[in-house]
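Student: Task: produce atomic coordinates for the following.
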Amino acid sequence: KHNTHVHCRYSESRERQSNNLLTQSEGTMSLSGKCFCITGAFSETRPALTAAIKAAGGDVASTVTAKVTHLLHDGVIEGAKVQKARDRSLPFVDEEQLRAWIGDGSGTKSAAKKPAPAK
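Tutor: Just a heads-up that it's a prediction; the model follows:
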């Protein structure tokens, strides 16, 4: 019975950890374990955004796959990546949110947005 209780606590702890989108580390957010797919037009080039995500411990995929955890989206362009992300209920992140998370922006650190509704 004791082992079951310990296992439940461990499972609950792991679930809470997995529900945290990002982990705090020295005033910035670590993107470790997170994978972004980038779509849309941004103030930075894709290589610059990719480098920033990787420098913060994240990864970048060119298409929405099972390993993708977030869609970096400009909020304007609609297409296959956006639809796949909606189908998978992935959180949508804009450039300002990303910059806030990794400490490169003046925005506040906020949680990822829920997928935008289909038009």
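Student: residues near the residue lying closest to residue 79 once chain neighbours are set aside, how many?
Tutor: Excluding the flanking residues, the one nearest residue 79 by Cβ to Cβ, 6 or more residues apart in numbering is residue 39, at 6.6 Å. For glycine as for every other residue, the C-beta is placed from the backbone atoms N, C-alpha and C. Other residues near residue 39 come to 23 when the count uses other Cβ atoms under 10 Å.
Student: wait, residue 39 sits on residue 83?
Tutor: No. Counting by Cβ atoms under 8 Å, residue 39 sits too far from residue 83 to count as a contact (10.5 Å).
Student: quick revisit: list the contacts for the residue nearest to residue 79?
Tutor: Applying Cβ atoms under 8 Å, 6 or more residues apart in numbering to residue 39 gives the contacts 71, 72, 73, 74, 77, 79, 81, 82.
Student: Repeat that for residue 44.
Tutor: For residue 44, the contacting residues are 52, 95, by Cβ under 8 Å, 6+ apart.
Student: again, 10 Å this time
Tutor: By Cβ atoms under 10 Å, 6 or more residues apart in numbering, residue 44 lies in contact with 50, 51, 52, 95, 98, 99, 104.
Student: And the pLDDT at it?
Tutor: Looking at residue 44, its pLDDT stands at 93.
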